[in-house]
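Q: Sharing a sequence plus its predicted fold:
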Amino acid sequence: MLDVLTGFVAELRHAGLPVSVAEEADAAEAVGHLPLEDRQAIKFALGATLVKSANHWRAFDTAFEIYFSMRGPQFSVGQDEALPGTGPGLVPGEGEGRMASTGDMEPVTPEEIAAMLFKALRDGDQVLLGAVARLAVARFSAMEAGRPVGGTYYLYRTLRNLDLDGVLARLVAEARTLAGDGAGVPDAAVHGEAPGGPVLRGRRPGRLTALEERLLEDEYRARIDELKKEIEAEIRRRLVADRGAEALARSVRKPLPEDVDFMHATRDELEAMRKAIQPLTRKLATRLARKRRHLHRGPLDFRSTMRHSLSYGGVPVEPRFKHPKQAKPEIWVVADISGSVAAFARFTLHLVYAIASQFSKVRSFVFIDGIDEVTGIFDRSDTVTEAVHRVNLEADVVWVDGHSDYGHALTVFYERWGHEIGPKASILLLGDARNNYHASQAWVVRELRNRARRVFWLNPEPRSYWGSGDSILEQYAQYCDAAYECRNLRQLEAFVEHLM
Amino acid sequence: MTASPEKGEPRFASVDEVREGLATAGYIADDGLSGVVYLADRLAKPILVEGPAGTGKTELAKATASFLGSRLIRLQCYEGLDEAKALYEWNYKKQLLRIQIERGAEGGGDARPLGWESLEEDLFSEEFLLTRPLLEAIRASDPVVLLVDEIDRLEIETEALLLEVLSDYQVSIPELGTIRATQIPLVFLTSNNTRDLSEALKRRCLFLHLDYPSLERERAIVLAKVPQVTEELADQVARIVRSLRSLDLKKHPSISETIDWARTLVLLGIEAVDSDTARSTLHVLLKHRSDIEVAAKELAVVSGY
């Protein structure tokens, strides 16, 4: 057990979780207090001792499922399939022929699986649902032994074959007809075997209302999610059986949301980042507000010190200090939103607007080869998320061909809004400075620098790529106060905090 | 005394006992939750409870205290809390009084005045010590549950105050020496996660993330907390709330708001929620105007058919 635990903790550290030695010792002690055969109990014991942030739970969950999947009540794929009640037409697989045994599944046709799936979802039958998941993986995933993959593609292939959206539509349609026709059916029939599951139990027959339909659909969706989890678990179990826990853990290891690279994030990762940015900005705002209140102690306030010394007989026991009122900076964000760096621009805008109360004024501009002010969109929108979404639809940023042209965009920016830039403004220029070999017009940045308080450039590319190919960052950076590499949320947050 | 305070008799025999105990106190727990409480007792470690507002973090401490029959000592954190409010304070007025009496004795001459040493010893004795929640929890001879509420409101510097209490169950008072716990209290810290807590603090605690409950648990909570609610209504309430939580809202309905809503429905004498009742009572669940609009549209209750 101790060996497994050490390996598991090492994997967590690889995934980026800060696990101290003391916590590892706690985990070992905690496990000792619980029955070893209870997998769920072990999971919460490890979770409580090793994971100290809700953001890290996903990484922990993935690693746990891999490391402890073989040690659950089901010891191997073969044995598990021999369990009774897993569905018709199952041949118990032999230990070593697990992957090859998919060929023995022929007796179960896709139609049969679909029928079972429909029934399992309609009745909310957990056992049948698990069986369907196992059958579906065996039938559709077409796993190849020994391939170093994380199983995402197997999952995709299985789900595509199951056509879950279609099943959902059919389930709702069936409930609708049953409820509609139920007008003539005696009450007892509706009470007994409610066709639509628990949502409709005990309701009087009649057409489904919109609310009922929605609740029914959500119930089925929840069941489908459960099925997806079962399928994922099944694929993982097979992969572990094939290649061992450590190898698999390496292939599915995912970076924490705040470490994901903006430029190469997948859709799922972007979604995770979108969720992570909310608490991040809230924390940042609290921190900045506190910093503003506490840190800035000014010079000695002589008058006040003398006044207070009177209560100590003229001895200045308590020195008093001036608290200079800190001017809130004014922020101008000028962001490239062309395809390659769009995600980065979105997150930066999101972050800046989420802490807008820390600035006296925020103005934002987006460009590709044309440039447009989008401050108004943010003012009119209820939530930052909505505004960021609308920027992409409403801003007029294409001038000629919709390929980045920093030179033209900056020139127009300077001509139209340059005279409004005052000495309080901090300007953030966002982009990779890949100019498609247009003229750089770097003099604009020089002029901006003369007018504004500070000019920063944030680049989502790794520093080593700067200046390669058509990147002309160096030409702009020479006039900026500083240029920063900003590849993930962590770096972005650090920059904004430094900015204040 | 160098040994750490002895672990007393374990409070719970098994995880199931915790869950059933909490249920008698009206708190519906799942396995993970009761497991962490069980471990906290066995490992003698505090529990750090984190999660969105209104998911029953404070309630957990109260329910635990209530079914154990222990006293609940509560420390509400806020910005600016210091050791005089959290740990202990010398009773300055009483000390002054003592000094004055000493002076009077000197003048009157009938009793021999105390020397400086014995006076100092006298002034800084337990008689003049005002205990604050943390010290009180340490010194209690009866079983207590200590709740440190909303710890994320403390400044990061003040957090360090708690460390000695939480890891060694002792408090050092320069004038008196170290006061050790006679029994280890069960400690709950709650946090709304408005800032990251220090690593030092997190390391000393067991971590418990309380999220919105599953459908089954929420239904059980409504049934336990709202008398006179029918099972069908509780089921419907839990379902609608689950659907609302899947929407993109500013603030999702919390458990306490679910309970409020169920109470409202019961008071209004409603047995089944239909579109009209949902629309007219949605404001109990959601507190932002834009959220109410989104929810009404998504659940198709505006058109009201």
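A: Everything's here; your move. Numbers count the residues shown, from 1 in each chain, chains lettered A, B, ... in the order given.
Q: At which residues are the helices of chain B located?
A: Under the criterion DSSP state H, chain B contains helices at B:15-24, B:31-43, B:57-68, B:83-86, B:92-108, B:116-123, B:133-139, B:156-168, B:199-203, B:215-225, B:231-245, B:255-267, B:275-285, B:289-298.
Q: other SSEs contacting the third one?
A: Spelled out, it's helix B:57-68. helix B:15-24, helix B:31-43, strand B:47-50, strand B:71-76, strand B:144-149, strand B:186-191 (3 or more CB pairs under 8 Å, 6 or more residues apart in numbering or on different chains; DSSP states H and E). Backbone N, C-alpha and C define where each C-beta goes, glycine included.
Q: repeat for the last one
A: Under the contact criterion of 3+ CB pairs under 8 Å, 6+ apart, helix B:289-298 touches helix B:275-285.
Q: got the angle between the helix it packs on and helix B:231-245?
A: Interaxial angle, helix B:275-285 versus helix B:231-245 (axes from the mean of the first three to the mean of the last three CA atoms, to 10 degrees): 60 degrees.
Q: helices or strands up against helix B:275-285?
A: Right, helix B:275-285 is packed against helix A:210-243, helix B:231-245, helix B:255-267, helix B:289-298 by 3+ CB pairs under 8 Å, 6+ apart.
Q: Please compute how far the first one lies from its chain's middle.
A: So the one you mean is helix A:210-243. 19 Å (CA atoms, centre = their mean, to the nearest Å).
Q: Just the pLDDT at the nearest residue to residue A:289 once chain neighbours are set aside, thanks.
A: If the residues on either side of it in the chain are set aside, residue A:289 comes closest to residue A:358, at 7.1 Å by CB to CB, 6 or more residues apart in numbering or on different chains. You'll see residue A:358 listed with a pLDDT of 74.
Q: Which residue is most remote from the mean position of chain A?
A: residue A:313 (62.1 Å; CA atoms, centre = their mean).
Q: returning to what we had before: among the helices of chain B, which comes closest to residue A:112?
A: Taking CB to CB, helix B:215-225 is the member of the helices of chain B nearest to residue A:112, at 30.0 Å.
Q: Remind me what the closest one packs against, helices and strands.
A: helix B:231-245, helix B:255-267.
Q: Redo the helices of chain B as JSON lines? Include mean neighbour count.
A: Listed next are the helices of chain B as JSON lines, based on neighbours: other CB atoms under 10 Å in any protein chain shown:
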{"stretch": "helix B:15-24", "mean neighbour count": "18"}
{"stretch": "helix B:31-43", "mean neighbour count": "24"}
{"stretch": "helix B:57-68", "mean neighbour count": "21"}
{"stretch": "helix B:83-86", "mean neighbour count": "16"}
{"stretch": "helix B:92-108", "mean neighbour count": "12"}
{"stretch": "helix B:116-123", "mean neighbour count": "12"}
{"stretch": "helix B:133-139", "mean neighbour count": "22"}
{"stretch": "helix B:156-168", "mean neighbour count": "17"}
{"stretch": "helix B:199-203", "mean neighbour count": "17"}
{"stretch": "helix B:215-225", "mean neighbour count": "19"}
{"stretch": "helix B:231-245", "mean neighbour count": "21"}
{"stretch": "helix B:255-267", "mean neighbour count": "20"}
{"stretch": "helix B:275-285", "mean neighbour count": "17"}
{"stretch": "helix B:289-298", "mean neighbour count": "16"}
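Q: can you redo these as JSON lines with mean pLDDT and distance to residue A:218?
A: Listed next are those as JSON lines, based on pLDDT from 0 to 100; distance: least, CB to CB, whole Å:
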{"stretch": "helix B:15-24", "mean pLDDT": "88", "distance to residue A:218": "28"}
{"stretch": "helix B:31-43", "mean pLDDT": "88", "distance to residue A:218": "24"}
{"stretch": "helix B:57-68", "mean pLDDT": "91", "distance to residue A:218": "27"}
{"stretch": "helix B:83-86", "mean pLDDT": "85", "distance to residue A:218": "46"}
{"stretch": "helix B:92-108", "mean pLDDT": "79", "distance to residue A:218": "62"}
{"stretch": "helix B:116-123", "mean pLDDT": "79", "distance to residue A:218": "68"}
{"stretch": "helix B:133-139", "mean pLDDT": "89", "distance to residue A:218": "44"}
{"stretch": "helix B:156-168", "mean pLDDT": "83", "distance to residue A:218": "41"}
{"stretch": "helix B:199-203", "mean pLDDT": "88", "distance to residue A:218": "36"}
{"stretch": "helix B:215-225", "mean pLDDT": "89", "distance to residue A:218": "10"}
{"stretch": "helix B:231-245", "mean pLDDT": "87", "distance to residue A:218": "5"}
{"stretch": "helix B:255-267", "mean pLDDT": "90", "distance to residue A:218": "16"}
{"stretch": "helix B:275-285", "mean pLDDT": "83", "distance to residue A:218": "14"}
{"stretch": "helix B:289-298", "mean pLDDT": "81", "distance to residue A:218": "11"}
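Q: what does the domain assignment say about the chain?
A: Looking at chain A here, since you left the chain open. A:2-67, A:89-254, A:273-295+A:327-499 (automatic domain parsing).
Q: my bad, chain B
A: In the recorded assignment (automatic domain parsing), chain B comprises B:15-87+B:132-209, B:92-126, B:215-298.
Q: okay if I get these as CSV plus distance to residue A:351?
A: Listed next are those as CSV, based on distance: least, CB to CB, whole Å:
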stretch, distance to residue A:351
domain B:15-87+B:132-209, 16
domain B:92-126, 48
domain B:215-298, 18
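Q: right, and these - which one's nearest residue A:166?
A: Residue A:166 lies closest to domain B:215-298 among the domains of chain B, at 21.1 Å (CB to CB).
Q: And the pLDDT for residue 14?
A: All of this refers to chain A. Residue A:14 is given a pLDDT of 83.
Q: actually it's chain B I care about, not the one you picked
A: At residue B:14, the model reports a pLDDT of 84.
Q: dump the residue contacts of the residue lying closest to it once chain neighbours are set aside.
A: What sits nearest to residue B:14 in space, not counting adjacent residues and going by CB to CB, 6+ apart, is residue B:38, at 7.3 Å. By CB atoms under 8 Å, 6 or more residues apart in numbering or on different chains, the contact set of residue B:38 is A:33, B:12, B:14, B:15, B:17, B:18.
Q: returning to that earlier point: right, so of the helices and strands packed on helix B:215-225, which gets closest to chain A?
A: Closest to chain A of those, according to CB to the nearest CB: helix B:231-245, at 4.6 Å.
Q: from the middle of its chain, how far away would that closest one be?
A: 27 Å.
Q: Next: stretch B:231-248.
A: 27 Å.
Q: For it, which outside residues touch it?
A: Under CB under 8 Å, 6+ apart, the answer for stretch B:231-248 is A:198-199, A:201-202, A:211, A:214-215, A:218-219, A:222, A:385, B:212, B:215, B:218-219, B:222-223, B:226, B:229, B:252-253, B:258, B:261-262, B:265-266, B:270-273, B:278, B:285-286, B:294-295, B:298-299.
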